[in-house]
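Colleague: sequence and predicted structure, then a few things I'm wondering about:
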Amino acid sequence: MTPHGPLSDHDLEKIIDAATIYLCACPAQVAEQILRLRQLLRYQQNCLQQKDTDTEVHQTIGRATERALAIMDECIDQVLSLEKWDRNTLTMPEGLRARRDAQLPT
């Protein structure tokens, strides 16, 4: 069980920050769920290190979490591609920023 996917925790936090600044919450929502799933997986890994624990329970949760992570990793990849985020800097495209600016009161 590994809590890491194609994007690092730092990368996901950059997406959350950019999406929040530019009022585009969907990528941030997906990134936040990936971070939470990684946290759950780490928690399950720690539980498996305990001597007085039900291994089967934590392995079951871990396997389900890994499947959910794979789905959400694929989702964030597709969302970033569809919205044309810069993959090197993880910045939102200018068009989405302009859309946000148009919605702000003047």
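Modeller: Okay, I see it.
Colleague: show me the helices in this structure, by range?
Modeller: 9-21, 25-48, 55-82, 94-103 (DSSP state H).
Colleague: quick one: those as CSV, columns for mean neighbour count, distance to Asn88 and mean pLDDT too.
Modeller: (C-beta placed from N, C-alpha, C; glycine too.) Output for the helices of the chain, formatted as CSV (neighbours: other CB atoms under 10 Å; distance: least, CB to CB, whole Å; pLDDT from 0 to 100):
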stretch, mean neighbour count, distance to Asn88, mean pLDDT
helix 9-21, 17, 11, 85
helix 25-48, 17, 16, 94
helix 55-82, 15, 12, 95
helix 94-103, 12, 15, 67
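Colleague: what residues are up against Trp85?
Modeller: 15, 27, 91-93 (CB atoms under 8 Å, 6 or more residues apart in numbering).
Colleague: what's near enough to touch the residue nearest the centre of the chain?
Modeller: Geometric centre of the chain, nearest residue: Ala31, 2.5 Å, by CA atoms, centre = their mean. By CB under 8 Å, 6+ apart, the contact list for Ala31 reads 7, 12-13, 15-16, 19, 76.
Colleague: farthest pair in the residues you listed?
Modeller: Leu7 and Ala19 (13.5 Å; CB to CB).
Colleague: hang on, Leu90 packs against Ser8?
Modeller: No: with contact defined as CB atoms under 8 Å, Leu90 and Ser8 do not form a contacting pair (10.2 Å).
Colleague: can you list contacts of stretch 5-23?
Modeller: Under CB under 8 Å, 6+ apart, the answer for stretch 5-23 is 25-28, 31-32, 34-35, 38, 69-70, 73, 76-77, 80, 85, 90-92, 96-97, 100, 103.
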